[in-house]
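A.B. asks: okay, here's the prediction I keep looking at, along with the sequence it came from:
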Amino acid sequence: MNLGQHAFFIVTAYAAVVIVVALLIGWVIADHRRQHNILRKLEAGGVQRRSARQAAASS
Amino acid sequence: MSLIDLANPSRFLRFAGRAMPWLAALTAILMLAGLYQVLMAPDDYQMGAVVKIMFIHVPNAWLAMFVWGVMSIAALGTLVWRHPLADVAAKAAAPIGAAFTFLALITGSLWGRPMWGTYWEWDARLTSVLILFLMYLGIMTLWRAVDDPSRAARAAAILTLVGAINLPIIKFSVDWWNTLHQPASVIRIGGPTIHASLLLPLLTMAVAFSLLFLTLHLAAMRNEILRRRVRTLQLMQAATA
């Protein structure tokens, strides 16, 4: 494939999309792990939401 | 499961957990199919190979506006129906919309330099999209500035609806003003003016990017629900300490 004399602009545009999309995916995954870990620690420490307490009491 | 059932955050979390792997796989398949079509697409008779930038610029530009549209509907959900997931959806969409708008500006600039001889021109289309990007940043700052999510949601919803005025301005800027940016060539009365050999890869990439948004949005909404649960538990912990 020959991108011609403007190859720099084409490659840079696609590279920008790859980088930004990768950052978005990485941010979403990292944020999920962070929130999940904090939630687990809080629940392990005995702090529970009202709905979780009710569910545990009824089972 | 009906749509109304998803209003319950716990049910939404279960739905998102089941749907996301399938959506992510479908996005990856369509993205690869789109990129293959881009590689096989012919050069434009005027632009040459630079037309390949169109396949990423146009989907990002469409999504930049579409995501604000989603946020506007969510804003109505917050203000009118007080839907429990509406402000979660709006808050989760903002950074993704900002990223798509940023990419539309960057790829447009890289397309403009070889075609127009300049990276930037203060014409109506480019300027109105830059304003959209700044509005995304403003909304994200507002969400961070106000501690209470319900108070932040109402302020952000009002700002989002006011900002929605910019969407028709962006769309019709090329018709209302004399701009360097070309007029609409896909979504227009009279049908697309692009040859099928270029239109097909463009539409495939547009669907792939839309699915990417849907996947990322579901994931970001799930994170936001977890963040609010963390906040609630931390407040309960502080109250009992």
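C.D. replies: Good, I have the coordinates. Numbers count the residues shown, from 1 in each chain, chains lettered A, B, ... in the order given.

A.B. asks: burial of B:Met221, as a residue count?
C.D. replies: Number of residues near B:Met221 (other CB atoms under 10 Å in any protein chain shown) recorded here: 21. (C-beta placed from N, C-alpha, C; glycine too.)

A.B. asks: isn't it right next to B:Ala89, touching?
C.D. replies: Yes: B:Met221 is within contact range of B:Ala89, at 5.9 Å (criterion: CB atoms under 8 Å).

A.B. asks: and the host helix or strand of B:Ala16, average pLDDT?
C.D. replies: Using DSSP states H and E, B:Ala16 maps to helix B:9-40. Averaging pLDDT along helix B:9-40 gives 94.

A.B. asks: over to stretch B:205-221?
C.D. replies: Mean predicted confidence for stretch B:205-221 is 97.

A.B. asks: what does it contact?
C.D. replies: By CB atoms under 8 Å, 6 or more residues apart in numbering or on different chains, the residues outside stretch B:205-221 that reach it are A:21, A:24-25, A:28-29, A:31-32, B:12, B:16, B:19-20, B:23-24, B:26-27, B:30-31, B:33-35, B:37-38, B:55-56, B:58-60, B:62-63, B:66-67, B:70, B:85, B:88-89, B:92-93, B:95-96, B:100.

A.B. asks: can you do 6 Å?
C.D. replies: With contacts defined as CB atoms under 6 Å, 6 or more residues apart in numbering or on different chains, stretch B:205-221 is touched by A:24, A:28, B:16, B:20, B:23-24, B:26-27, B:30-31, B:34, B:55, B:59, B:63, B:88-89, B:92-93, B:96.

A.B. asks: the helix holding B:Ala16 packs against which elements?
C.D. replies: Where contact means 3 or more CB pairs under 6 Å, 6 or more residues apart in numbering or on different chains; DSSP states H and E, helix B:9-40 is packed against helix B:196-240.

A.B. asks: and the helix it packs on with helix B:9-40, angle?
C.D. replies: Interaxial angle of helix B:196-240 relative to helix B:9-40 (axes from the mean of the first three to the mean of the last three CA atoms, to 10 degrees): 150 degrees.

A.B. asks: how far out from the middle of the chain is helix B:196-240?
C.D. replies: When distances are taken as CA atoms, centre = their mean, to the nearest Å, helix B:196-240 is centred 11 Å away from the chain's centroid.

A.B. asks: give the burial count for B:Val58, as a bare number.
C.D. replies: 23.

A.B. asks: give me phi/psi at B:Asp44?
C.D. replies: Phi and psi for B:Asp44, reported as degrees, to the nearest 10, are phi -80, psi 150.

A.B. asks: and if you look at B:Gly48?
C.D. replies: Per-residue torsions, B:Gly48: phi 70, psi -140 (degrees, to the nearest 10).

A.B. asks: B:Trp177 too?
C.D. replies: Backbone torsions for B:Trp177, taken as degrees, to the nearest 10, come to phi -120, psi 160.

A.B. asks: can you tell me the closest non-neighbouring residue to the residue of chain B found nearest chain A?
C.D. replies: Per CB to the nearest CB, the residue of chain B with the smallest distance to chain A is B:Leu226, at 3.8 Å. Among residues not flanking B:Leu226 along the chain, A:Gln35 sits closest, at 3.8 Å (CB to CB, 6 or more residues apart in numbering or on different chains).

A.B. asks: so who does that neighbour touch?
C.D. replies: For A:Gln35, the contact set (CB under 6 Å, 6+ apart) comprises B:Asn223, B:Leu226, B:Arg227, B:Val230.

A.B. asks: can you pick the most crowded of those residues?
C.D. replies: Tallying neighbours with other CB under 10 Å puts B:Asn223 at the head of the contacts of A:Gln35, with 23 neighbours.
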